[in-house]
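>>> have a look; sequence and predicted model below, questions after that.
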Amino acid sequence: MILILAGGGRESEEVIGLLEQEKIPYLCIFSTLAEAGNYGRGNAVVGKMGRRFFQKVFEENNVCGVIDAIFGGGVEPSLEAMVACREANVPYVKYLRIAVSSKPCTQGMVTGSYAVIAELINTHLGNVLFYAAPGTVRAIAKRVLDCSCLYVSVLRGASFDVEQALEYGIPLVNVLEADGVEDTVSSLIERLEARLLVCDGTAGIVDKAEAAEQSNIPLIITHNMGIEYTNTALRLEEIRELVQSWRR
């Protein structure tokens, strides 16, 4: 039995569709009745996704693997599931549909691991420019040896203040307010002499890919959930391969 942590996004629909196509038994867990909606296939349950809840589900359903397909709605269920899976020695994977540009730059990568990005930064000489949510930057920054090389661009506005700037987990002077007109991605890369561009899609990707290409620097695209997952899959085919390996 495959356990799916489901939500209201396309991730859940795609995973469910895959398992039905492959005729693989599965059980969906939704945190609320609203999310479950009109699912009604008889293999869905609703409950608070805590560690003890997962442990009980594992014991009663002979679970051989967990696919976390929750989109939005907080990360607590994912954290609880990862702990429960580790304790029960059950394989876990987070399915991340990371949007990418239709014109990706020739240098760069898409990754679901903040640790991988931090390792690249630690071995990469030069400044790094982020276009990402506070949780993304903070999660990567805490793994970086020298945060003085990390910069983030935020749109200038009356509502932005010091407390918000502190959420990024980097030096305050490195949180740059941009006007969105003169402060283009390319101009900031040039001003900072940035050698790496990191984007989590919250501010769009196409212009970041074009600027990285023009500036001849790598672009790294990641997710914006703000936590490090024990295992991630970026494509549905990866999920298919994992499920097949779990059932052997």
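Nice, I can see it.
>>> wait, isn't Ser113 in contact with Thr232?
Yes - counting by CB atoms under 8 Å, Thr232 is a contact partner of Ser113 at 6.5 Å. No exception for glycine: its C-beta is placed from N, CA and C like everyone else's.
>>> model confidence at Ala178, what's the number?
Looking at Ala178, its pLDDT reads 85.
>>> please read the previous query as pertaining to Leu125.
On pLDDT, Leu125 comes in at 79.
>>> Glu177: how many residues sit nearby?
Neighbour count for Glu177, taken as other CB atoms under 10 Å: 12.
>>> sorry, that was for Lys142
Neighbours of Lys142 (other CB under 10 Å): 12.
>>> what's the closest non-adjacent residue to it?
Gly169 (6.3 Å; CB to CB, 6 or more residues apart in numbering).
>>> I figured that neighbour hits Arg143, correct?
No - Gly169 is beyond contact range of Arg143, at 10.4 Å (criterion: CB under 8 Å).
>>> Ser113 and Thr232: who's more crowded?
Neighbours per residue (other CB under 10 Å) separate Ser113 from Thr232, with Thr232 holding more: 21 against 16.
>>> distance of the closest residue to the more buried one other than its chain neighbours from Val83?
The shortest distance from Thr232 to any non-neighbouring residue, by CB to CB, 6+ apart, is to Gly112 (3.1 Å). Distance, Gly112 to Val83, using CB to CB, to the nearest Å: 19 Å.
>>> settle it for me: which of these two has more neighbours?
Higher neighbour count among Gly112 and Val83: Gly112, with 19 against 16, using other CB under 10 Å.
>>> pretty sure that one belongs to a strand, no?
No - Gly112: not assigned to a strand; according to DSSP: H, G, I helix; E, B strand; the rest coil it is coil.
>>> that one reaches Tyr229, doesn't it?
Yes - shown here, Gly112 and Tyr229 form a contact pair, counting by CB under 8 Å, at 6.4 Å.
>>> which neighbours do these two share?
Common contacts of Gly112 and Tyr229 (CB atoms under 8 Å, 6 or more residues apart in numbering): Lys94, Leu96.
>>> ok, Glu80 - contacts?
Glu80 touches Met49, Gly50, Arg51, Phe53, Phe54, counting by CB under 8 Å, 6+ apart.
>>> what about the residue nearest to Lys142, how many residues nearby?
Gly169: 17 neighbours (other CB under 10 Å).
>>> next one, pLDDT for it please.
We have a pLDDT of 95 for Gly169.
>>> checking it next. Helix, strand or coil?
coil.
>>> and it, how far from Val75?
16 Å.
>>> ok, Ser245 next?
Relative to Val75, and taking CB to CB, Ser245 is found at 26 Å.
>>> of these two, who's got more company?
Val75 (17 against 11).
>>> follow-up on the earlier one: torsion angles phi and psi at the residue nearest to Thr232?
With angles defined as degrees, to the nearest 10, Gly112 sits at phi -100, psi 10.
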